[in-house]
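Engineer: Output the structure for:
(one chain, ligands or ions: 1)
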Amino acid sequence: MKKTPSPHNLHSNGRKPISNFQYEDANNNKPKPQRFAALKAAVKKVAGVFKFLLFGQREVIPKGADVIDARRTNTRISGISSSTDISTGSDTRSKSSSKFKLSQSNSSSSALSGVIETKNFSYEEIFKATEKFSPANKIGEGGFGTVYKGRLGDGSLVAVKRAKKATYDKLIALEFKNEILTLSMIEHLNLVKLYGYLEHGDERIIVVEYVGNGTLREHLDGTLGNGLEAGERLDIAIDVAHAITYLHMYSDPPIIHRDIKSLNILITEKFRAKVADFGFARLSADPNATHISTQIKGTAGYLDPEYLKTYQLTEKSDVYSFGVLLVELMTGRRPIEPQKPANERLTTRWAMQMLKRGDAILVMDPKLRRNPASTMALEKILMLAKECLAPLRQSRPSMQKCAEILWGIRKDFREKALPSSSTHYSANFPVRDAKKTRQTSFGIEDGESYKFISA
Ligand SMILES: Nc1ncnc2c1ncn2[C@@H]1O[C@H](COP(=O)(O)OP(=O)(O)OP(=O)(O)O)[C@@H](O)[C@H]1O
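Structural biologist: Below is the predicted model of the structure:
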């Protein structure tokens with residue numbers, strides 16, 4: 001693994017990177033390098049084994065039809081062809097997987113045994129942290145299982161992802177191992193940090209950094225918070241772009257997330273974004289390979305049409321999903337809106353048609369305030385989304401390019417939103433404390449007063 005960058009070393013012009021400014025983990029959850037050093041070392045050793053096991057079928061293009069995976073509650077798509085059906089264990093990959101003797105957890109040991117020997121959290125520790133998996137501590141539910149908020153002995157808050165037992169199968173096992181492997185190799189401000197894992201009997205548990213301010217989807221729906229302003233949406237887009245750029249360009253081997261969507265973007269108390277859920281992430285084993293042939297995974301509405309057609313996964317599939325996310329950020333709508341009139345049901349198609357007609361303003365989230373700065377940002381972001389959504393992957397920009405374009409948009413946005421009289425402009429702005437009344441306003445109508453917090 002290359003030692004990387006902060007996200008923000010992406011600047012090649014020597015300027016101070018933008019998103020470093022006053023970015024703090026709202027929960028003060030400090031990384032615990034000592035806790036994971038051994039895990040990382042062990043993981044590095046087995047990474048090659050994993051890569052072989054997980055990606056040994058790189059050039060085999062499955063012929064099966066896409067199916068909706070009923071195990072998934074949020075219409076995640078799992079296109080399992082007859083030749084790669086992990087659940088039946090009939091393919092080469094599954095056979096390979098069974099050779100990989102991760103602990104089958106039939107002992108009382110709470111650590112993963114076999115390849116990764118690092119002792120991690122004990123079951124008792126997790127049991128206590130979540131107050132016996134108390135329903136009161138439940139914070140979410142996904143295809144993998146239930147997510148609990150927990151407090152460790154040292155006082156730090158964590159999110160505990162507990163795999164569903166009833167549906168625990170080889171697919172989940174693979175997802176569990178995949179998530180552990182992937183998470184353990186990455187470290188970035190805009191990516192949810194892995195704290196540990198646990199295999200205990202039939203329990204599969206992942207412990208990650210707790211991000212306390214809900215998902216991007218909840219904020220867009222207005223079920224949480226006071227609604228996101230234009231500048232905050234731009235910051236979130238940039239944070240996500242940094243996170244994916246890191247995965248694509250600075251992780252070794254590169255990682256394709258495969259499930260970029262608003263439900264997987266967690267929001268901190270300071271309204272910055274962290275990308276979560278690496279269960280579906282894939283490592284590009286061969287940096288020179290142009291693509292990975294794989295079964296279809298992802299979520300309806302976000303899936304790269306070229307990947308759907310060819311089963312060939314590249315980083316550009318994440319770029320496509322990011323384009324969908326940009327449209328979501330600007331319209332507030334979900335990618336698929338079955339209740340809308342027919343021409344508006346596919347949000348990206350509708351938004352792109354309006355952009356082409358010169359009517360981008362009509363798709364702007366009604367919760368966003370309209371003014372020259374926000375309408376300019378809207379149009380530019382939709383233009384970037386259009387590039388990301390290009391049917392052919394070669395036409396799509398890289399994630400790094402997306403980040404650069406977004407920096408430019410944010411700069412223009414701030415200049416337009418900033419009253420010329422203000423001399424206290426800080427690139428740190430906007431700064432907002434969720435616990436206080438909203439102090440910083442931007443993207444507001446002309447004539448309203450602005451408050452900026454200087455560095
Ligand atoms: N690190 C975290 N901090 C706070 N809340 C979290 C965290 N991780 C997950 N959650 C909450 O739990 C919900 C489900 O989490 P997540 O999507 O990771 O589960 P999953 O089982 O992997 O889902 P999926 O079906 O997308 O695979 C999230 O929508 C979020 O509300």
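
Engineer: now the strands for this structure?
Structural biologist: 76-79, 138-141, 145-151, 157-163, 194-200, 203-209, 255-256, 265-267, 273-275, 282-283, 292-293, 296-299, 312-313 (DSSP state E).

Engineer: And those strands: which comes nearest the ligand?
Structural biologist: strand 138-141 (1.9 Å; Cβ to the nearest ligand atom). Backbone N, C-alpha and C define where each C-beta goes, glycine included.

Engineer: quick one on the thing from earlier: please convert the strands of the chain to CSV, extending it with mean neighbour count and distance to residue 382.
Structural biologist: Formatted as CSV, the strands of the chain follow (neighbours: other Cβ atoms under 10 Å; distance: least, Cβ to Cβ, whole Å):
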stretch, mean neighbour count, distance to residue 382
strand 76-79, 20, 25
strand 138-141, 14, 30
strand 145-151, 21, 33
strand 157-163, 22, 33
strand 194-200, 24, 35
strand 203-209, 24, 32
strand 255-256, 24, 25
strand 265-267, 27, 19
strand 273-275, 26, 19
strand 282-283, 22, 29
strand 292-293, 20, 30
strand 296-299, 24, 21
strand 312-313, 22, 26
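
Engineer: Make CSV from the ones you listed and add distance to residue 384 to it.
Structural biologist: Shown next, in CSV, are the strands of the chain (distance: least, Cβ to Cβ, whole Å):
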stretch, distance to residue 384
strand 76-79, 25
strand 138-141, 30
strand 145-151, 32
strand 157-163, 31
strand 194-200, 31
strand 203-209, 29
strand 255-256, 20
strand 265-267, 17
strand 273-275, 17
strand 282-283, 25
strand 292-293, 26
strand 296-299, 21
strand 312-313, 22
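
Engineer: Kindly reformat those as a markdown table and extend each row with distance to the ligand.
Structural biologist: Below are the strands of the chain laid out as a markdown table (distance: least, Cβ to the nearest ligand atom, whole Å):
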| stretch | distance to the ligand |
| --- | --- |
| strand 76-79 | 6 |
| strand 138-141 | 2 |
| strand 145-151 | 4 |
| strand 157-163 | 3 |
| strand 194-200 | 10 |
| strand 203-209 | 5 |
| strand 255-256 | 16 |
| strand 265-267 | 5 |
| strand 273-275 | 8 |
| strand 282-283 | 14 |
| strand 292-293 | 20 |
| strand 296-299 | 8 |
| strand 312-313 | 17 |
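
Engineer: which one of the ones you listed lies closest to residue 400?
Structural biologist: strand 255-256 (14.5 Å; Cβ to Cβ).

Engineer: Would you mind pulling up the elements that that closest one packs against?
Structural biologist: With contacts defined as 3 or more Cβ pairs under 8 Å, 6 or more residues apart in numbering; DSSP states H and E, strand 255-256 has these neighbours: strand 282-283, helix 315-331.

Engineer: Pick out the shakiest of the ones you listed, pLDDT-wise.
Structural biologist: The minimum mean pLDDT among the helices and strands packed on strand 255-256 belongs to strand 282-283 (a mean of 58).

Engineer: can you count the residues close to the residue of the stretch 251-400 of the chain found nearest the ligand?
Structural biologist: Of all residues in the stretch 251-400 of the chain, residue 277 sits closest to the ligand, at 4.1 Å by Cβ to the nearest ligand atom. Other residues within reach of residue 277, judged by other Cβ atoms under 10 Å, total 23.

Engineer: Show me which residues of the stretch 151-300 of the chain sit near the ligand.
Structural biologist: 159, 192, 208-211, 215, 263-264, 266, 276-277, 279 (Cβ under 6 Å from any ligand atom).

Engineer: mind redoing it with 8 Å?
Structural biologist: 158-159, 161, 175, 179, 192, 208-212, 214-215, 217-218, 259, 261, 263-264, 266, 274, 276-277, 279-280, 299 (Cβ under 8 Å from any ligand atom).

Engineer: which residues does residue 247 contact?
Structural biologist: The neighbours of residue 247, taking Cβ atoms under 8 Å, 6 or more residues apart in numbering as the test, are 186, 191, 254, 255, 256, 257, 281, 318.

Engineer: actually residue 395, sorry about that
Structural biologist: residue 387.

Engineer: Residue 396 against residue 318, yeah?
Structural biologist: No: with contact defined as Cβ atoms under 8 Å, residue 396 does not count as touching residue 318 (9.7 Å).

Engineer: Compare the two and say which is more crowded by neighbours.
Structural biologist: Neighbours were counted for residue 396 and for residue 318 using other Cβ under 10 Å; residue 318 has more, 29 against 25.

Engineer: Not counting sequence-adjacent ones, nearest residue to the residue of the stretch 251-400 of the chain closest to the ligand?
Structural biologist: In space, and not counting its chain neighbours, residue 277 is closest to residue 264: 4.4 Å by Cβ to Cβ, 6 or more residues apart in numbering.

Engineer: State the number of residues packed around that neighbour.
Structural biologist: For residue 264, using other Cβ under 10 Å, the count is 25.

Engineer: Correct me if wrong: it contacts residue 274.
Structural biologist: No: at 9.7 Å, residue 264 does not count as touching residue 274 under the criterion of Cβ under 8 Å.
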